[in-house]
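K.L.:
please work out how this folds:
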Amino acid sequence: MPFSRWKKQWNENWQALKASKPGKRFQEARDRQREKDRSRSALARWLRPIFAVLAFAVGVVLAFIPGPAVVFFALSAALFATQSETIAKALDRFELWLRRVWTKLRKGSGPGHRKQVAR
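P.N.:
Presented below is the predicted three-dimensional model:
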């Protein structure tokens, strides 16, 4: 049952990603993946970047027609991050930036927000 094994690995990777500290989670995921890849065949190691390219291509197509393009771009970025330290670091920086923006927006001090003047 390859699908059940794949699903189990997916869930384990997701839990490890969630448990990692923001700002380091994609780099740590890349390190974990590189460790796992040492015992895998060359074909297995090449499948991830191939899936990343396919996910990106689907995202490009869905960007021009209604569909969840963002999901495919995010999946593609995450898959590429397991292969590239540069992309992993960029995603970690992006996550920290996104958290700061989200916090500001939730507090009501984001861009375009006007403070009420008491009269």
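
K.L.:
next up, the contacts around the most centrally placed residue in the chain.
P.N.:
With distances taken as CA atoms, centre = their mean, the residue of the chain nearest its centroid is Ala78 (3.7 Å). Contacts were defined as CB atoms under 8 Å, 6 or more residues apart in numbering; by that measure Ala78 touches Phe26, Ala29, Leu91. All C-beta atoms are positioned from the backbone trio N, CA, C, and that covers glycine.

K.L.:
going on from the helix or strand hosting it, what's the next piece of helix or strand?
P.N.:
Assessed by DSSP states H and E, Ala78 sits inside helix 69-81. Note on helix 69-81: by DSSP H and E, the next helix or strand toward the C-terminus is helix 85-107.

K.L.:
re the thing from before, which of the contacts of Ala78 tops the neighbour count?
P.N.:
Counting by other CB atoms under 10 Å, Phe26 has the largest number of neighbours within these, with 26 neighbours.

K.L.:
what angle do helix 69-81 and the helix or strand where that one lies make with each other?
P.N.:
Of the helices and strands defined by DSSP H and E, Phe26 is found in helix 25-37. Angular relation of helix 25-37 and helix 69-81 on a 0 to 180 degree scale: 60 degrees, by axes from the mean of the first three to the mean of the last three CA atoms, to 10 degrees.

K.L.:
contact partners of helix 25-37?
P.N.:
Around helix 25-37, the neighbours that count as contacts under CB under 8 Å, 6+ apart are 13, 16-17, 20-21, 44-45, 48, 78, 81-85, 87-89, 91-92, 95.

K.L.:
thinking again about what came up before, nearest to Phe56, of the contacts of Ala78?
P.N.:
The shortest gap between Phe56 and any of the contacts of Ala78 belongs to Leu91, at 14.3 Å (CB to CB).

K.L.:
excluding residues flanking it in the chain, which one is nearest the closest one?
P.N.:
In space, and not counting its chain neighbours, Leu91 is closest to Phe26: 4.3 Å by CB to CB, 6 or more residues apart in numbering.

K.L.:
do you know how far that neighbour is from Pro2?
P.N.:
Note on Phe26: its distance to Pro2, by CB to CB, to the nearest Å, is 26 Å.
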